[in-house]
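A.B. asks: Any chance you can model this:
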Amino acid sequence: MQRLTLNMVPQWTADAAPDAFARLTAAIGPHLQGALMESIDSRYAAHLHTLPFNPYSQYCLCDARSEQLTWHINALTDQAAEYILAPLEKRNSIKLKHGGVTLNVAAKTTSELALSTLTSQLHDDPERKTHIQVLTPAAFKQSGSYRHVPSTRMLFQNLIMHYSAVFDNDKEVDPDTVDYIEQHTDITAFNIRSRYFQPAAGRKIPGFVGKLTIHARGPQTLTGFVRMLLRFGEYAGLGIKTSMGMGGMQLI
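C.D. replies: Presented below is the predicted three-dimensional model:
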């Protein structure tokens, strides 16, 4: 799995409104996804639409004081890295259709997490408590409704589904596995708040951001599996619409 991070500075047109940065960042994730899709091969883009889960995620952090943006694009497979990260890495600027703004790339960094390194955590002896920070609004969908109060069941069910779809070509989740994880994990501390995500004008999805502490009990195989899934979440994102900028998370 690979990550490309672009530090970007907006270049505005002469008639940009005084609150242009705030307007831009209110829905920056979907605008960046649009720019991402325009930069990749159309045949690969069509292939992505056939998949139950995208083999990439992206999210953007915005600093209102300096008016700079940090865009993280994560590729879960070598193919995604080739078709998504490689074209973006060559870009020195990204022009968004929204607002007539150009984002000039000031710096680029890349990092990689080998799948073997990720899965090795199944056999390591990890800490039973894991602290995570949800950086962009995260939400889940259950029975057709959005859920933005996290539970260990929704969290790990989502991560297992995503992992299985990408690496095992299987989007089905064993309910017994989810039940077992739910019975042996707790959210023991949290500092979260609700925040809406705006994928399009006039539409808002309720989500949450903030910090969670997850405690796993039971055998080492379980605690290792939990830790592996959360580490995977740093690249896959958490919850729904991670390709549009939702659910960006980091382990603390």
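A.B. asks: The stretch 1-150 of the chain: helices as residue ranges?
C.D. replies: Here the stretch 1-150 of the chain has its helices, by DSSP state H, counting those that start in this stretch, at 20-26, 28-39, 42-48, 78-80, 86-89, 115-119.
A.B. asks: would TSV of those helices with mean pLDDT be doable?
C.D. replies: Putting these into TSV (pLDDT from 0 to 100) gives the following:
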stretch	mean pLDDT
helix 20-26	75
helix 28-39	90
helix 42-48	91
helix 78-80	94
helix 86-89	93
helix 115-119	87
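A.B. asks: Can I get the ones you listed in a markdown table including mean neighbour count and distance to Gln68?
C.D. replies: Just so you know, the C-beta spots here come from the backbone N, C-alpha and C atoms, and that holds for glycine as well. Formatted as a markdown table, the helices of the stretch 1-150 of the chain follow (neighbours: other Cβ atoms under 10 Å; distance: least, Cβ to Cβ, whole Å):
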| stretch | mean neighbour count | distance to Gln68 |
| --- | --- | --- |
| helix 20-26 | 17 | 10 |
| helix 28-39 | 19 | 12 |
| helix 42-48 | 12 | 28 |
| helix 78-80 | 16 | 26 |
| helix 86-89 | 16 | 18 |
| helix 115-119 | 13 | 30 |
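A.B. asks: closest one to Gly144 among those helices?
C.D. replies: Gly144 lies closest to helix 28-39 among the helices of the stretch 1-150 of the chain, at 21.7 Å (Cβ to Cβ).
A.B. asks: related to what we said a few turns ago, let's have the helices of the stretch 1-150 of the chain in JSON lines, adding distance to Thr185.
C.D. replies: Listed next are the helices of the stretch 1-150 of the chain as JSON lines, based on distance: least, Cβ to Cβ, whole Å:
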{"stretch": "helix 20-26", "distance to Thr185": "34"}
{"stretch": "helix 28-39", "distance to Thr185": "28"}
{"stretch": "helix 42-48", "distance to Thr185": "32"}
{"stretch": "helix 78-80", "distance to Thr185": "29"}
{"stretch": "helix 86-89", "distance to Thr185": "35"}
{"stretch": "helix 115-119", "distance to Thr185": "19"}
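A.B. asks: out of those helices, nearest to Gln2?
C.D. replies: Minimum separation from Gln2 across these (Cβ to Cβ) falls at helix 78-80, 8.2 Å.
A.B. asks: per-residue pLDDT, Ala17?
C.D. replies: Among the per-residue scores, Ala17 holds a pLDDT of 66.
A.B. asks: picking up where we left off before, list just the one of the helices of the stretch 1-150 of the chain that sits closest to Tyr59.
C.D. replies: Here helix 28-39 is closest among the helices of the stretch 1-150 of the chain (Cβ to Cβ), at 6.4 Å.
A.B. asks: Show me how far that closest one is from its chain's centre.
C.D. replies: 14 Å (Cα atoms, centre = their mean, to the nearest Å).
A.B. asks: show me where the chain has strands.
C.D. replies: 2-11, 56-63, 68-75, 93-95, 102-112, 129-138, 140-142, 145-147, 185-200, 203-216, 249-251 (DSSP state E).
A.B. asks: could I get those as TSV with mean neighbour count and mean pLDDT?
C.D. replies: Formatted as TSV, the strands of the chain follow (neighbours: other Cβ atoms under 10 Å; pLDDT from 0 to 100):
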stretch	mean neighbour count	mean pLDDT
strand 2-11	18	94
strand 56-63	22	94
strand 68-75	22	96
strand 93-95	15	90
strand 102-112	14	95
strand 129-138	20	95
strand 140-142	15	89
strand 145-147	13	86
strand 185-200	14	92
strand 203-216	18	94
strand 249-251	16	96
